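Visitor: fold the following for me, if possible:
(one chain, ligands or ions: 2)
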Amino acid sequence: MSHPTRQNDIEPAVPPAWEPSGGMPALKITNVKAICTAPDGIRLVVVKVETSEPGLYGLGDATFTQRPLAVVTAIEEYLKPFLLGRDPNDIEDIWQSAYVSSYWRSGPVLNNALSGVDMALWDILGKRAGMPLYQLFGGKCRRSAALYTHAAGRDFQEVEEDARRYMEQGYRYVRCQVSVPGYSTYGAQIAPSKAEPFPQPLGLGYDPWEPSAYCRIVPKLFEHLRGALGEDVELLHDVHERVPPIQAIGLAKELEKYNLFFLEDPLAPEDNEYFRLMRQQTSIPIAMGELFVNQAEYAPLIRDRLIDFIRVHISDIGGLSPARKLAAFCELFGVRTAWHGPGDVAPVGHAANLQLDLACHNFGVQEQHNFPERTREVFPGCPEIRDGSLWSNEQPGLGIDIDEELAAKYPYPEHPLNGAWPPVRRLDGTVIRP
Ligand code: GCO
Ligand code: MG
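Guide: Ligands and ions are numbered 1, 2, ... in the order given. All right, here's what the predicted structure looks like:
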């Protein structure tokens, strides 16, 4: 007997004939759209899923700021036709079927597109139930989510002053990054007006970087900060996968005595196997994973207890559905959550982070981004920062909205690479990880 190949199967997606659930009236997805906006210059993508009930819609974060237009295509050309007519209650089935509908799956483009839809479906469910999502996830484990903020400076003194400023505002967790003289350093970029001209070997316009200079300066920074700030404050640092694995292990060992809350991304996902060696060398707490997009990358690190904090960018792994499973998996292995929360997670994504932060017992800490007023106006209900913590506004669903008219006033900024990152290179011109 012959079977038609899947490629020839051109029938549109037929919604499964489940019984209507939980006594809720039947509902259909009537529209799925990608909204592009950049109120403060960061390219954001937000998905809006509309339903057959007038005024009932959900929002989800699909921001992949280096390739936003690819995500928009995935949403509008592929997910939208796949989802029209489906019951938005079928969150799990929609996630699973959309995930495999491309056959080749995962990756930041497709996962972000799927996340936009997935978060929006959870948002709709919360709105229908009249409850904030954390309630549907099992209820609050804590009043609010402790945040870590970013202190940076050109020298140790400036980092110290920045950290003190945050501590005075009530922050108990501070990530500290210092410039490495002459190099373009992750997390401590000097404002152009203050910047020394960077060396431009080979006459190429690029950001220069040498790992050894960085590895020498960072332990000295924490020596200074511990002396100046004392033991009470939790200090963090992000390596941003920029150094060769053996230097990362050396750095981790040297930093151990400064009692960091965690050392972030000491290795690149490509070097995952080195975590085992790092673990044998030092007890420094390790946070990993904003670049992960596939469970095959993160599940073994958790299962083998090689990291302490999971730091995935929730939209990059496909949304709230996979993140809930990941959080539960981590709990069983003593790994805590520290979801990625930079400015290129849209406020909708921060609202999603918060729902999990409140409901997961194994919450560790939440990275914060203090959205400027313009972004907060575009996203009414943007989670509130108070006393170094993030608080729920107790509204149903994700508790956040988008003012589409206002969003449209902030198109993506003109950029020759459409937002892609220019290379970081060693002094001899070799490209290295960003
Ligand atoms: C962090 C991250 C970010 C990323 C950015 C990439 O820990 O907050 O490293 O700053 O670099 O999200 O787009
Ligand atoms: Mg990081």
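
Visitor: name the nearest residue to the residue in the stretch 301-434 of the chain that ligand 1 sits nearest to, sequence neighbours excluded.
Guide: When distances are taken as CB to the nearest ligand atom, the stretch 301-434 of the chain approaches ligand 1 most closely through residue 342, which lies 3.6 Å from it. The way it works is simple: take the backbone N, C-alpha and C, and place the C-beta from them, glycine included. Taking CB to CB, 6 or more residues apart in numbering as the measure, residue 342 lies nearest to residue 369, with 5.7 Å between them; neighbours along the chain are not counted.

Visitor: which residues touch the one you found?
Guide: For residue 369, the contacting residues are 341, 342, 343, 345, 350, by CB atoms under 8 Å, 6 or more residues apart in numbering.

Visitor: hang on, the third one packs against residue 371?
Guide: Spelled out, it's residue 343. Yes - if you go by CB atoms under 8 Å, residue 343 and residue 371 touch, sitting 7.4 Å apart.

Visitor: what do these two both touch?
Guide: Between them, residue 343 and residue 371 share the contacting residues residue 40, judged by CB under 8 Å, 6+ apart.

Visitor: neighbour count: these two, which is higher?
Guide: residue 371 (21 against 18; other CB atoms under 10 Å).

Visitor: elements contacting the longest helix anywhere in the chain?
Guide: Longest helix of the chain, by residue count under DSSP state H: helix 108-129. Under the contact criterion of 3 or more CB pairs under 8 Å, 6 or more residues apart in numbering; DSSP states H and E, helix 108-129 touches strand 44-51, strand 57-61, helix 68-73, helix 91-100, helix 133-136, helix 320-332, helix 347-359.

Visitor: buried set for the helix or strand following the third one?
Guide: Pointing back at helix 68-73 there. Scanning forward in sequence from helix 68-73, with DSSP states H and E defining helices and strands, the next element found is helix 80-83. Taking 16 or more other CB atoms under 10 Å as the neighbour-count basis, helix 80-83 is seen to contain the buried residues 80, 82, 83.

Visitor: swap in stretch 372-391?
Guide: 375, 376, 378, 379, 381, 382, 383, 385, 388, 389, 390.

Visitor: now stretch 143-159
Guide: Applying a neighbour-count criterion of 16+ other CB under 10 Å, one finds 144-154, 156, 159 buried in stretch 143-159.

Visitor: and of the residues you listed, the nearest to ligand 1?
Guide: For the buried residues of stretch 143-159, the residue nearest ligand 1 by CB to the nearest ligand atom is residue 150; the value is 7.6 Å.

Visitor: who's in contact with the most centrally placed residue in the chain?
Guide: For the chain, the residue whose C-alpha lies nearest the mean C-alpha position (CA atoms, centre = their mean) is residue 313; its distance is 2.7 Å. Residue 313 makes contact with 290, 291, 339, 340, 345 under the criterion CB under 8 Å, 6+ apart.

Visitor: just the pLDDT for it.
Guide: At residue 313 the predicted local confidence, pLDDT, stands at 98.

Visitor: residue 188 too?
Guide: Listed pLDDT for residue 188 reads 85.

Visitor: repeat for the one 5 residues further on
Guide: The predicted local confidence for residue 193 comes out at a pLDDT of 38.

Visitor: cool, and the one 3 residues further on?
Guide: Residue 196 is assigned a predicted lDDT (pLDDT) of 49.

Visitor: nearest to ligand 1: which residue in the stretch 101-250 of the chain?
Guide: Checked against ligand 1 (CB to the nearest ligand atom), the nearest residue in the stretch 101-250 of the chain is residue 238, 4.9 Å away.

Visitor: that residue and residue 176 touch, don't they?
Guide: No - the pair residue 238 and residue 176 fails to qualify as a contact (CB under 8 Å) at a distance of 9.3 Å.

Visitor: which bits of this structure sit near ligand 1?
Guide: Of all the residues in the chain, those in contact range of ligand 1 (CB under 6 Å from any ligand atom) are 65, 238, 240, 290, 342, 344, 367.

Visitor: buried set for the one helix or strand residue 246 maps to?
Guide: Using DSSP H and E, residue 246 maps to helix 245-255. Buried positions in helix 245-255, judged by neighbour count with 16+ other CB under 10 Å: 245, 247, 248, 249, 250, 251, 252, 254, 255.

Visitor: now stretch 34-44
Guide: By neighbour count, with 16+ other CB under 10 Å as the criterion, the buried positions of stretch 34-44 are 34, 35, 36, 37, 38, 39, 42, 43, 44.

Visitor: residues contacting the fourth one?
Guide: Listed by CB under 8 Å, 6+ apart, the contact set of residue 37 reads 44, 46, 378, 402, 407, 408, 410, 411.

Visitor: leaving out sequence neighbours, find the closest residue to it.
Guide: residue 407 (3.8 Å).

Visitor: my guess is the one you found contacts residue 38. True?
Guide: No - between residue 407 and residue 38 no contact is recorded; they are 9.2 Å apart, counting by CB under 8 Å.

Visitor: for residue 208, phi and psi?
Guide: As for residue 208, its main-chain torsions (degrees, to the nearest 10) stand at phi -80, psi 150.

Visitor: relative to residue 308, how far out is it?
Guide: Plainly put, residue 208 is 32 Å away from residue 308 if you go by CB to CB, to the nearest Å.

Visitor: who's more crowded, these two?
Guide: When neighbours are counted by other CB under 10 Å, residue 308 comes out ahead of the other of residue 208 and residue 308, with 21 against 18.

Visitor: state the pLDDT value of the more buried one.
Guide: In the predicted model, residue 308 carries a pLDDT score of 98.

Visitor: may I have the phi/psi pair for it?
Guide: Torsion angles, degrees, to the nearest 10, at residue 308: phi -110, psi -30.

Visitor: show the pLDDT at residue 422.
Guide: pLDDT, residue 422: 83.

Visitor: ok, now residue 68?
Guide: Confidence score, pLDDT, at residue 68: 98.

Visitor: quick one on the thing from earlier: as CSV, the contacts of residue 369 with secondary structure would be great.
Guide: Below are those laid out as CSV (DSSP: H, G, I helix; E, B strand; the rest coil):
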residue, secondary structure
341, coil
342, coil
343, coil
345, coil
350, helix
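
Visitor: most neighbours, which of those?
Guide: The most neighbours, when these are compared by other CB under 10 Å, belong to residue 350, which has 28 neighbours.
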